[in-house]
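> Sharing a model that was predicted from the sequence below.
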Amino acid sequence: MKKSIVALCVLGLIGSLLVAPASAGKKKKVKPVATTLYFHGPKPLGEADGAEWLTSLGGPPLTTLTPAEPVDAFPKSQALGNPALNTQCTGLPTGFPTFQGPLTGTILGDAKITASFISPPGTVTARIWVDVPNFSCNDGYVEPASEVVVDVPPGQSEVEIVFEQLNLTANHWVLVELLGSGATYPGRLLYDSPDAATRLEFNCVPASGKSCA
């Protein structure tokens, strides 16, 4: 009887040793986190931010994407068309609304911009990139990870722009750009106010921790 008990104990111990390494080797699957990045800018007119960016010899745009909700009473704005500037650029803060924010993780599924406009009827092109060399043009232009064209109704409106089925891993940042339907299109993007809370929303698997942003 004692021998049987000892044998069972030994078998149990061996079984636990065999199972333990297998279970220890399994990594917990990280779930995507719902992420919202709001469009922000330091000045009432985004054109002024773009001019300051140019005189400071480039670098990240002054217009940013962050999780902080807007609090300003009045929205900031920027023109969506500029006759003097090249549309074949990987973001261009002097010409079109260009927003960049830190991001470390993988965007999975649809990403949606909810954008506020004041404009005549027209169309707007939205582009998204991650970790690209900023503001390269012509031969250096990097095709966006996704590009979407949407109709914009007249007056003040809120329009959803959806980049479908993305699988983008960012080690540094995410960059978005909005362009009007023509070089002289007089529409404007409104942002950085609770009444014009233009934002980018997506699910993201963090590279580490609990957040991508």
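Received it, and whenever you're ready, just let me know what you need. Residues are numbered from 1 along each chain as shown.

> what about the nearest residue to Arg188 once chain neighbours are set aside, distance to Leu85?
Excluding its sequence neighbours, the residue lying closest to Arg188 (Cβ to Cβ, 6 or more residues apart in numbering) is Ser77, at 4.4 Å. C-beta here means a position set from N, CA and C on the backbone, and glycine is covered the same way. The spacing between Ser77 and Leu85, counted by Cβ to Cβ, to the nearest Å, is 17 Å.

> need the contact list for His40.
Applying Cβ atoms under 8 Å, 6 or more residues apart in numbering to His40 gives the contacts 63-66, 68, 70, 99, 191-192.

> Quick check: bridge partners of the residue nearest to Arg188?
Leu45, Leu190 (DSSP bridges).

> what sits against it?
By Cβ under 8 Å, 6+ apart, the neighbours of Ser77 are 44-46, 118, 188-191.

> 10 Å instead?
41, 44-47, 97, 116-118, 187-193, 196 (Cβ atoms under 10 Å, 6 or more residues apart in numbering).

> Which among those count as buried?
41, 46-47, 97, 116-118, 187-193, 196 (16 or more other Cβ atoms under 10 Å).

> from these, which is closest to Phe135?
Pro97 (13.7 Å; Cβ to Cβ).

> quick one, phi/psi of that closest one?
In terms of degrees, to the nearest 10, the main-chain angles of Pro97 are phi -60, psi 120.

> so how far is Val124 from it?
Taking Cβ to Cβ, one finds Pro97 at 10 Å from Val124.

> try Lys31
Lys31 is 33 Å from Val124, by Cβ to Cβ.

> Of these two, which one has the most company?
Shown here are Lys31 and Val124; by other Cβ atoms under 10 Å, Val124 has more neighbours (26 against 9).

> Tell me the confidence at that one?
Val124 is assigned a predicted lDDT (pLDDT) of 94.

> now do Ser136
Predicted confidence (pLDDT) for Ser136: 84.

> ok, back up a step: quick check: neighbours shared by Pro97 and Val124?
Joint contacts of Pro97 and Val124 (Cβ under 10 Å, 6+ apart) are 80, 115, 178-180, 189.

> ok, the spatially closest residue to Ile113 that is not a sequence neighbour to Phe202 distance?
Setting aside the residues directly before and after it, Ile113 is nearest to Ile161 in space (Cβ to Cβ, 6+ apart), at 4.2 Å. Using Cβ to Cβ, Ile161 is found at 12 Å from Phe202.

> Tell me which residue lies nearest the centroid of the chain.
Val174 (4.7 Å; Cα atoms, centre = their mean).

> surely Val205 meets Lys29?
Yes: using Cβ atoms under 10 Å, Val205 and Lys29 qualify as a contacting pair, with a distance of 9.3 Å.

> which residues in this protein form strands?
33-40, 64-66, 76-79, 98-102, 105-119, 122-130, 146-152, 155-170, 173-180, 188-191, 199-206 (DSSP state E).

> Quick one, which of the ones you listed gets closest to Trp53.
The nearest among the strands of the chain, by Cβ to Cβ, is strand 98-102 at 8.9 Å.

> what angle sits between that closest one and strand 199-206?
30 degrees (axes from the mean of the first three to the mean of the last three Cα atoms, to 10 degrees).
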